[in-house]
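1. Just a sequence and a predicted model for now, questions to come.
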Amino acid sequence: MTKVGEIRDFVYRHDFDIVIFNETWLKVKISSSCIFPRNFKVYRVDRSEQSHPHDPSNPRKFRRNGGGVLIAHKEDLDVSSFKFSKVSVRAELLSIFLSFPSGKKLCISTFYRVGNLGSVNFDSFKEHFDILFQSRKFCMHVIIGDFNFPGIIWPEAQPRSGVE
């Protein structure tokens, strides 16, 4: 069985409301309907030259495989995606807003940060989150992802060195 088939079977066996994947390795030719039931809305950013900058140490090098992020949710949830009109973010990241009957909104963001792309890739994430926080459209924010920050001591959230 393929990985897509395994994921599909797992999703169908469980009663998830929201599913988040990082490093999906999906391509445009793989339809979201191959993985999720019809009652799911799927937002995804697959690896592409728009979402994944070239390696600054080797501009000819582009990793076509890997990466990608996805957020899927049942259609009966009140969810909207966060779209940019001013910023073109060159990164594999998504943010959605989940509205509750009380009127409060939760923001859920997921991303895959490619470690060897250094500060250029990191700056795209920072710009996305700066604009997101300035929007003040939510009361809570959950951030999920592959940070690829080996230089951070996570319990203390202290850097050992810079982004590079």
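-> That came through, no problem.

2. ok, now which ones touch the residue nearest to Ile7 when sequence neighbours are not counted?
-> The shortest distance from Ile7 to any non-neighbouring residue, by Cβ to Cβ, 6 or more residues apart in numbering, is to Ile35 (5.6 Å). The way it works is simple: take the backbone N, C-alpha and C, and place the C-beta from them, glycine included. Ile35 makes contacts with 4, 7-8, 11, 42, 72, as judged by Cβ atoms under 8 Å, 6 or more residues apart in numbering.

3. Same check on Ile108?
-> Applying Cβ under 8 Å, 6+ apart, the residues contacting Ile108 are 18, 20, 71, 95-96, 98, 141-142, 144.

4. with the contacts of Ile35 in mind, which one is nearest to Ser81?
-> Val42 (10.7 Å; Cβ to Cβ).

5. pretty sure the closest one contacts Ile30?
-> No. Applying Cβ atoms under 8 Å as the test, Val42 and Ile30 come out as separate, 11.2 Å apart.

6. Around Leu26, how many other residues sit close by?
-> Close neighbours of Leu26, defined as other Cβ atoms under 10 Å, add up to 23.

7. where's it, which helix or strand?
-> Using DSSP states H and E, Leu26 sits within no helix or strand.

8. got a pLDDT number for it?
-> Per-residue confidence (pLDDT) for Leu26: 89.

9. for Pro53, same thing?
-> On the pLDDT scale, Pro53 is placed at 65.

10. Then Lys83?
-> 59.

11. With the one 5 residues further on instead?
-> Looking at Ser88, its pLDDT stands at 57.

12. give me the low-pLDDT residue ranges for the chain?
-> For the chain, applying pLDDT under 70 flags the ranges 49-56, 59-63, 82-90, 115-118, 120, 154-164.

13. if we go to 90?
-> 1-5, 7, 23-28, 45-68, 80-95, 111-139, 145-164 (pLDDT under 90).

14. Do a quick rundown of the helices in it.
-> 3-13, 118-135 (DSSP state H).

15. Would you mind finding the most buried of those?
-> Most buried of the helices of the chain, by mean neighbour count (mean count of other Cβ atoms under 10 Å): helix 118-135, with a mean of 16.

16. starting at the chain centroid, how far to that one?
-> 13 Å (Cα atoms, centre = their mean, to the nearest Å).

17. re earlier: indicate which one of the helices of the chain is closest to Asn65.
-> helix 3-13 (12.6 Å).
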